[in-house]
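Enquirer: Below is the sequence, then the predicted model.
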4 protein chains.
Amino acid sequence: MILLIRNSAEKQEKEKLIKLLEDKHFTIHQSEGLHTTVLGLVGDTSSLDIDALKSLDIVEDVKRIQEPYKAANRKFHPKNTVVHVGSLAIGDGHFQVIAGPCSVESEDQIQNIAQSVQASGATLLRGGAFKPRTSPYAFQGLKAEGLELLKKAKDTTGMPIVTEIMSPAHLELFSDVDIIQVGARNMQNFDLLKELGRQPKPILLKRGLANTLEELLTSAEYIMAGGNQNVILCERGIRTFETATRNTLDISAIPMLKKLSHLPVVVDPSHATGNAALVEPMSMAAVAAGADGLIIEVHNNPAAALCDGAQSLRPESFDVLMKKILGLRTYLASGI
Amino acid sequence: MILLIRNSAEKQEKEKLIKLLEDKHFTIHQSEGLHTTVLGLVGDTSSLDIDALKSLDIVEDVKRIQEPYKAANRKFHPKNTVVHVGSLAIGDGHFQVIAGPCSVESEDQIQNIAQSVQASGATLLRGGAFKPRTSPYAFQGLKAEGLELLKKAKDTTGMPIVTEIMSPAHLELFSDVDIIQVGARNMQNFDLLKELGRQPKPILLKRGLANTLEELLTSAEYIMAGGNQNVILCERGIRTFETATRNTLDISAIPMLKKLSHLPVVVDPSHATGNAALVEPMSMAAVAAGADGLIIEVHNNPAAALCDGAQSLRPESFDVLMKKILGLRTYLASGI
Amino acid sequence: MILLIRNSAEKQEKEKLIKLLEDKHFTIHQSEGLHTTVLGLVGDTSSLDIDALKSLDIVEDVKRIQEPYKAANRKFHPKNTVVHVGSLAIGDGHFQVIAGPCSVESEDQIQNIAQSVQASGATLLRGGAFKPRTSPYAFQGLKAEGLELLKKAKDTTGMPIVTEIMSPAHLELFSDVDIIQVGARNMQNFDLLKELGRQPKPILLKRGLANTLEELLTSAEYIMAGGNQNVILCERGIRTFETATRNTLDISAIPMLKKLSHLPVVVDPSHATGNAALVEPMSMAAVAAGADGLIIEVHNNPAAALCDGAQSLRPESFDVLMKKILGLRTYLASGI
Amino acid sequence: MILLIRNSAEKQEKEKLIKLLEDKHFTIHQSEGLHTTVLGLVGDTSSLDIDALKSLDIVEDVKRIQEPYKAANRKFHPKNTVVHVGSLAIGDGHFQVIAGPCSVESEDQIQNIAQSVQASGATLLRGGAFKPRTSPYAFQGLKAEGLELLKKAKDTTGMPIVTEIMSPAHLELFSDVDIIQVGARNMQNFDLLKELGRQPKPILLKRGLANTLEELLTSAEYIMAGGNQNVILCERGIRTFETATRNTLDISAIPMLKKLSHLPVVVDPSHATGNAALVEPMSMAAVAAGADGLIIEVHNNPAAALCDGAQSLRPESFDVLMKKILGLRTYLASGI
């Protein structure tokens, strides 16, 4: 951490601050510039309060050097993490496609889609039971019943299931869920993250709509600091000024997250674009940029979908897409 | 709601859609344009799924006309809401200043600040017990103990207390809290909002960092739909590209929220700017633009504050500020 | 275009407005809703002033249906445009890589890079002569001398040259330039766009840092309305809250621009990411998403580059990248 | 400037870099941290290329300490600048209101408005002759004829005139203009800024829609580096995700710009909000926050305005507003 001290600061004030920091076991290096003195702090600054330091009259600015996350940081964990879900692996070359409807609507629906996406090559089943909806008047999901239906589809197909949690209070209902998903709007619901840090199963953590990669990794850190190292990061589009697409899928987040962290990165092209026609090109782009997996919405009757219909592929389109995705994966792996 | 239908659509498809909508008790008006046909839907569209409609091949676009919130909408509730907290009122000309430290740190600290801000003219006491911190390694607040200390300060001074909740699981600890605050990062924590809709006390709902006013009002609607009409809206700065200030305080949100809604609007200039020197000009601006209240951080020793120190005023500065705020209120009320 | 009229409006006022619009040769369809009346305008609304309409007391809102661009609109020009530069073609399946240094620095430098990127498979040469720099104290480019050096490299290699213009006053210096580039900061420099509409050569139009695709296409329309149909659109990253990358490359802009328009789309992964290590994954992603070309910075000594060094590849890395790009293009074209 | 050097860097590479910097006359301070070495550069870094430094393999990051602007920097010019226009002064306690129509439309129109706003207390006249319009099909202003009409209104009323320039090619037409305005979309049209640096008259520089205050001040620096110190900064709203207002007026820019710079700051509440009803509260807020002036659109027949009608006040409303503004100024100056 670097502190910029105003040269107008009284010597006594500066020495008081240096003493205070040394008492906290930091080593301090000084460097006097034309208009500011630079103090370099050596030591673990992750619990140090930047804002409290900034509030000191003699401090002009504080610049962090160390990333605020450790367990998620590739610097300290150079090897890629592989997250295991049953016999499946995600990360470090292991690629999986998670597919299914936005919302679980009925037993028929989820069973049909599950079998269909499995036949096309998807290896995990997704489906919303608790739905975060902007409006209180919109369909909020089948909740516990939806989880039951997902479990039945898992029993039939053998596919592990991925579904979103919205409150720590629902955790006991999630005992049969294989990967618990944290939605974009809950990326900084810190109490929920803390609870998930105590769970023995993988967490799929979606990036918030206006959050940086550092914030995403610091939220992953909340889960990992609690003891759960099985975090899968998910890029799902960020809010920008663009209105032609629902959000802007940040494909560069894939290589950048892999540079900053060792955790696997999957991409959700459905929510990001809000447009079924864009799911294919964005899936291909994500694979080409090195994603460890995709999470794609598939619906057997998009027009009647109870939510997010605009972004859902029909099973036939998904089947075509899977061939392209797996073909591209094979081509890229061939190292030609 | 307006649906744009491609002119390339088959007549049969169009009629099928119209029938489907009429079955849902909407009246449909058609208007044929050069490249699109416009369908106007008359009826209550708040539970209609825009995305499902957009996903239909024949639909080019869907444009909402009605706001997605009703209870919070001034159109249906033209009179200003007044929220009562004990003998205090907020809204419709009633103005209150909520002041106190970012975090409750000790009994001495909170008692001293409470008495000090009360002497300066603040009427409600704020203080964080459960703190939403980006990093899991940062101070997370004194939690239940912090609530106890706040309660003691309330007993001593008679000031109602305002503090943030982070999880529905903590609700029983909040029985002595007078106004429950929902932080910016939880503005769309819908499960929390639903719980607060069942509480018998006012909720101070902060705008999310990248949320629109419509989204803020739709989150207020979650609380109001549950039966709790005592919602106070709070503008606390939004994320922009500016880095000189922590966030950008959207002063225009004050008159715009008052146009769209009947709920009271208070402003938090401390978190928005992250800079004690900007609290005074932004407080004055908020008052001049018609705010119903301010929520201001005051700390007896900003340098040592455990969090958010950069934005805290010292009690002496707060005292000067209160004189200016109340003077300006008096001047504006005089109608000169 | 759709006008929402308040139901509180006096009948007389509404009829006055309808007459005014009919006098402008629009056909009007009315549809009465619960709280608003919808007026649908049929006719060419591109010169109609939305803001003037919004300012009328009886008008609640105005929603545009037709896109504000015509010449650039795929609706009216369903076939892909192919832009020709000498014997090269861009668009409709024709793919080109434009490569070269950020700034032209010396004859040796530009000749060496030109020959190197040509050997690796690039077909057009880029290089900055007039440089838009945020600070007046930064290197502003070799200007006319830089254009001369580019021309010499074109003479030697036969590669068409692409370089940025910053003022209409420099146009006569650009007579030997094959594609004139408009930088992101000038995307809405309308006087410059008008001049370029009168030029007989292709224009590479970069998307502004905070501009939507509709705005990009409306800026293309400025050029096309002047008579120059040879516009190449360029996605080069938009400003977001992310700081790990310089900007956020919007890969979804590629398929979306191709849906909205018939113009070719090239992608600049160098400026967008500001990070040489990300150029390869983002180039691959752009190709996988259907880009018609790439514009990539290559520098023979990145450390000494006078500007934008962080995003420049060394010639050896560019050579490896070109093999991957062309391999991927071949794979995708094979239709496996 | 601070350079973070990877500890994995070879000693030889590090020493080579230090020598290179010392050759450029910087003094270097080293500070070894756990994972990085910090190099502090002392000297004038304004012409140093951050990106070239970042591109070095051994460099992890570069952090600037000094602001990139000097002439505009309060650090080096602690006293407030006063800009003089004829007998009027702006800045350091001198407050002016600039008023007039969005576009000059006819002699009658501009004469009537000029006399009306003057009677209400405005001291400068604004009016657009060259109009930056997103669409090439929208009204582009009366151009030279508009400037003539403005001049006539100046002759009649004695009010100095303020109008926007869009191209250096038009400069000779601006000889009678008193303050030349640079629009938001041209804030980084560097060739235009350079030309204005050679003009002998004040420049009103509007902040770009997605630009930071540092970028605004660095654009001011372009003008000042050319010799023209008479720059008036203008906050006119920034692009955010909010759609209820056209842009978000950043009131905190007023005190922050005054902290960073000595230049006067005026505020444009009309364009920012795009809503006549918000002009009054935002004008009051701007005054309360310390603005040195306001620039307000007034139109005698908003419904018929050829552009931007939604944000224009009628003369009667402007008259009421002026009374409130001047009353508030008087109240605040009284120091009660």
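Expert: Nice, I can see it.

Enquirer: Now A:Gln199: closest residue in space that isn't a chain neighbour?
Expert: Setting aside the residues directly before and after it, A:Gln199 is nearest to A:Asn228 in space (Cβ to Cβ, 6 or more residues apart in numbering or on different chains), at 5.8 Å. (C-beta placed from N, C-alpha, C; glycine too.)

Enquirer: which residues of chain A score low on pLDDT?
Expert: A:302-311, A:336 (pLDDT under 70).

Enquirer: Going along the chain, name the helices of it.
Expert: Applying DSSP state H to chain A gives helices spanning A:11-23, A:50-54, A:107-120, A:144-157, A:190-196, A:213-225, A:253-260, A:269-273, A:276-288, A:315-333.

Enquirer: Check the burial of the residue nearest to A:Gln199 by counting its neighbours.
Expert: 22 (other Cβ atoms under 10 Å in any protein chain shown).

Enquirer: Then A:Leu332?
Expert: 18.

Enquirer: go on, A:Thr157?
Expert: A:Thr157: 17 neighbours (other Cβ under 10 Å).

Enquirer: residues in contact with it?
Expert: A:114-115, A:118, A:125 (Cβ atoms under 8 Å, 6 or more residues apart in numbering or on different chains).

Enquirer: would JSON lines of these with neighbour count be doable?
Expert: JSON lines is the format used below for these (neighbours: other Cβ atoms under 10 Å in any protein chain shown):
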{"residue": "A:Ala114", "neighbour count": "28"}
{"residue": "A:Gln115", "neighbour count": "16"}
{"residue": "A:Gln118", "neighbour count": "18"}
{"residue": "A:Leu125", "neighbour count": "28"}
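
Enquirer: Find the pair from those residues with maximum spatial separation.
Expert: Spatially, the most separated pair among the contacts of A:Thr157 is A:Gln115 and A:Leu125, at 9.9 Å (Cβ to Cβ).

Enquirer: Spatially nearest residue to the residue in the stretch 51-200 of chain A that chain D sits nearest to, not counting backbone neighbours?
Expert: Nearest residue of the stretch 51-200 of chain A to chain D: A:Lys63, at 5.1 Å (Cβ to the nearest Cβ). Counting by Cβ to Cβ, 6+ apart, A:Ile2 is the residue found nearest to A:Lys63 once chain neighbours are left out, at 4.6 Å.

Enquirer: my guess is that neighbour meets D:Leu39, correct?
Expert: No. Using Cβ atoms under 8 Å, A:Ile2 makes no contact with D:Leu39, being 11.3 Å away.

Enquirer: Now for these two: what residues contact both?
Expert: D:Ile2.

Enquirer: contacting residues around stretch A:22-35?
Expert: A:6-7, A:18, A:21, A:37-43, A:45, A:48, D:29-32, D:38, D:40, D:42-44, D:65-66, D:75.

Enquirer: So which of the contacts of A:Thr157 is the closest to C:Ala89?
Expert: A:Gln118 (43.6 Å).

Enquirer: and that closest one, how far is that from A:Val85?
Expert: In this view, A:Gln118 and A:Val85 are 15 Å apart by Cβ to Cβ, to the nearest Å.

Enquirer: Give me every residue in chain A lying close to chain D.
Expert: For chain A, the residues in contact with chain D (Cβ under 8 Å from any Cβ of the partner chain) are A:2, A:4, A:29-36, A:38, A:40, A:42-44, A:61, A:63, A:65-66, A:75, A:210, A:239, A:241.

Enquirer: Filter the residues you listed down to the buried ones.
Expert: Using 16 or more other Cβ atoms under 10 Å in any protein chain shown as the burial test, these include A:2, A:4, A:29, A:31, A:33, A:35-36, A:38, A:40, A:42-43, A:63, A:65-66, A:210, A:239, A:241 as buried.

Enquirer: So which of those residues sit within strands?
Expert: A:2, A:4, A:29, A:31, A:36, A:38, A:40, A:42, A:63 (DSSP state E).

Enquirer: which pair in those residues spans the largest distance?
Expert: Going by Cβ to Cβ, the pair spanning those furthest: A:Thr36 and A:Val42, at 19.1 Å.

Enquirer: can the helices of chain A go into CSV with extra columns for distance to C:Ser106?
Expert: Shown next, in CSV, are these (distance: least, Cβ to Cβ, whole Å):
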stretch, distance to C:Ser106
helix A:11-23, 47
helix A:50-54, 44
helix A:107-120, 56
helix A:144-157, 65
helix A:190-196, 54
helix A:213-225, 38
helix A:253-260, 33
helix A:269-273, 44
helix A:276-288, 36
helix A:315-333, 39
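
Enquirer: quick one: contacts for A:Pro68?
Expert: A:46, A:214, A:218, A:221, B:134-135, B:137.

Enquirer: Mind doing that once more with 6 Å?
Expert: A:46, A:218, B:135 (Cβ atoms under 6 Å, 6 or more residues apart in numbering or on different chains).

Enquirer: Same check on A:Val62?
Expert: A:3, A:50, A:53-54.

Enquirer: So it versus A:Gln30, what's the distance?
Expert: 15 Å.

Enquirer: Can I get stretch A:55-62 in CSV? Just the C-alpha atoms.
Expert: Extracted in CSV, the C-alpha atoms of stretch A:55-62 (Å, rounded to 0.1, in the frame of the first residue of the first chain):
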residue,chain,number,x,y,z
SER,A,55,-9.5,10.8,6.1
LEU,A,56,-6.3,12.0,7.7
ASP,A,57,-5.6,15.6,6.9
ILE,A,58,-2.0,15.0,6.0
VAL,A,59,-2.9,12.2,3.6
GLU,A,60,-3.5,13.2,0.0
ASP,A,61,-4.3,9.8,-1.4
VAL,A,62,-3.9,6.1,-0.7
